[in-house]
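Q: Here is a sequence with its predicted model. Questions after.
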Amino acid sequence: MRNRELAKTINQKLIEVSDVFGQFQQKTGLLCPAGCGRCCFNADISCSPYELLPMAFHLIDTGRAEEVLEKARLHEGKGCFFLEVSDEALGTGRCREYQHRPFICRAFGLSARHGKHEKIERSICKTLSEIEAARPDIQIVNNEIPLIDLWKK
């Protein structure tokens, strides 16, 4: 498969991931707060080159690839290069390439994974966990949470 075809296939899967994980968040009412970028400040979160392939072609097609590459080489900030920081102390910002963001950014906040002995374990970010704890009306059924490991393939 050629790179552009692969990028289109990956992009279709990324859109599907956004739909599945987004619908679950809508259903539960447990949504990322507007402007929250706490997870984007975490330098330990990473993605694969394949996840970035659609974004790379977008940057090439819009004539921004060389500029972005040069800025990325000089980037010394902590966290994601694409985060436009509003307030680091509050963990707020926005993604400059939200439409083309990788898999991990689409599924990170609220998901589940197979843990030890194939037991399903929740994976929920600190911000959403705090919101859930403060809102007794939110009911999450663990076997309904989208499994992140099913989508990583």
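A: All right, it came through fine. Residues are numbered from 1 along each chain as shown.
Q: Name the single longest helix found in this structure.
A: Using DSSP state H, we find that the single longest helix of the chain is helix 3-28.
Q: Now the element after it, going C-ward?
A: Sequence-wise, the next helix or strand downstream of helix 3-28 (DSSP states H and E) is helix 49-61.
Q: So which elements touch the helix or strand just after that following helix?
A: Proceeding N to C from helix 49-61, the next assigned helix or strand is helix 65-74, under DSSP H and E. Packing contacts for helix 65-74, counted by 3 or more Cβ pairs under 8 Å, 6 or more residues apart in numbering; DSSP states H and E, involve helix 49-61. (Each C-beta comes from the backbone N, C-alpha and C, glycine too.)
Q: Could you list the buried residues of the helix it packs on?
A: If you call a residue buried by 16 or more other Cβ atoms under 10 Å, then helix 49-61 has these buried ones: Glu51, Leu52, Leu53, Pro54, Met55, Ala56, Phe57, His58, Leu59.
Q: ok, now stretch 64-74?
A: Residues Val68 are the ones in stretch 64-74 that count as buried (16+ other Cβ under 10 Å).
Q: quick check: mean pLDDT across that stretch?
A: Per-residue pLDDT over stretch 64-74 has a mean of 94.
Q: One more: stretch 5-13?
A: The average of the pLDDT scores along stretch 5-13 is 95.
Q: And stretch 19-33, by the same measure?
A: Stretch 19-33 shows a mean pLDDT of 90.
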